[in-house]
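>>> coords below, sequence missing:
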């Protein structure tokens, strides 16, 4: 039985042909089976269609931006920028999260405003700082008239012409994204397969710190038979503290911005609104400034870090947590921090070991090739 890891080499790319049934593939070492909604089963035809849709820049107003612009295969399915750039190089307020293993997330986007890959996939097309369309009609015009798309939709859904809707477009995109799965890292082989040579001595020491003194495992979880490296929850760790509203008037204005423009547009066009995090979605005061715990798998490939790309390196991230939510010990302690955010008192050597462990979470099919 092939794993997702081995299969991935044959499916990434806009012109790929899938020859085997998706049911024939199992998740790689360290990961559970990929959850697939009952109303959108995986098929080779749907994956091939979703692949093409994912790479098609015609779905932006400039004809220059596609899903793969911000989720680049060669950059760990991110874009390597602090915050993403859309049409006309317009900048949003948030970093593009990797979509490797997004299939396992309970919610999508940094604030969890969408419950599924299907519902998430239609939003970037309409965001004015991403792809800039006023509605989805230009997409439907293309897929209902392009001969290649007509053939692909017929094969994937048995639909053609006006029968094709955004439902099928979103389902195909989501299906392709569910193939972007990464496990079988040095950590997985060490921890789940018992290969004691799979990780370096520094990474092994880093794992001990990760689980114990560093307390990283509290949110970036490792379980007995699998490790998603996320708790799928939202936490205020201090990153957005400087951008958050300073008084009730600013808070009210930020919330009003969400009401008027909708969460998707508001959070990418207004830093104050963006800093609200999960609160912009739930209006629960305990969610102010809270953002989703990202997976740490393949984290070496996805710099810069945090929801706003404010930390350039893994070393900065570890320093930030070691100082209890601050890059410098002299910085003021942010308010409203989640309970687990407090100084760790790690030595420089321990911090270096922790970084070594994080680098051992890279899956071989996504690892950058050495020159």
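Thanks, I have it. The shown structure was predicted, so the numbers you read here are calculated from the model rather than taken from an experiment. Numbering: from 1, shown residues only.
>>> what about the nearest residue to residue 284 once chain neighbours are set aside, how many neighbours?
Leaving aside its chain neighbours, residue 284 sits nearest to residue 278 (7.6 Å; criterion: Cβ to Cβ, 6 or more residues apart in numbering). All C-beta spots, glycine's among them, are computed from the backbone N, C-alpha and C. Other residues lying near residue 278 total 24 when counted by other Cβ atoms under 10 Å.
>>> Contact partners for residue 278?
In this structure, residue 278 makes contact with 111-112, 234, 284, 287, 290-292, judged by Cβ atoms under 8 Å, 6 or more residues apart in numbering.
>>> quick one: residue 248 from residue 255, how far?
According to Cβ to Cβ, to the nearest Å, residue 248 and residue 255 sit 10 Å apart.
>>> Those two: which has the busier surroundings?
Ranked by neighbour count (other Cβ under 10 Å), residue 248 and residue 255 place residue 255 first, with 17 against 8.
>>> Let me see the residues that make contact with the helix or strand hosting that one.
Using DSSP states H and E, residue 255 maps to helix 248-261. With contact meaning Cβ under 8 Å, 6+ apart, helix 248-261 is reached by 245, 266-267, 269-270, 272-273, 275-276, 280, 283.
>>> now that helix: how far from the chain's centre is it?
The chain centroid and the centroid of helix 248-261 are separated by 26 Å under Cα atoms, centre = their mean, to the nearest Å.
>>> The nearest residue to residue 199 once chain neighbours are set aside: neighbour count?
Nearest non-adjacent residue to residue 199, counting by Cβ to Cβ, 6+ apart: residue 190, 4.5 Å away. By other Cβ under 10 Å, 19 other residues sit near residue 190.
>>> tell me the average confidence for stretch 249-262?
Average pLDDT, stretch 249-262: 88.
>>> again, but for stretch 345-365
Rounded mean pLDDT across stretch 345-365 is 97.
>>> got a list of contacts for it?
By Cβ under 8 Å, 6+ apart, the list of residues contacting stretch 345-365 reads 5-6, 8-9, 28, 100, 182-187, 190, 198-200, 202-207, 209-210, 213-214, 216, 229, 296-301, 314-315, 318-319, 322.
>>> And these, which of them are buried?
5, 8, 28, 100, 182-187, 190, 198-200, 202-207, 209-210, 214, 216, 229, 296-301, 314, 318-319, 322 (16 or more other Cβ atoms under 10 Å).
>>> Would you agree residue 307 is in contact with residue 291?
Yes. Counting by Cβ atoms under 8 Å, residue 307 does reach residue 291; the two are 4.7 Å apart.
>>> who touches both of the two?
110, 239-240, 277.
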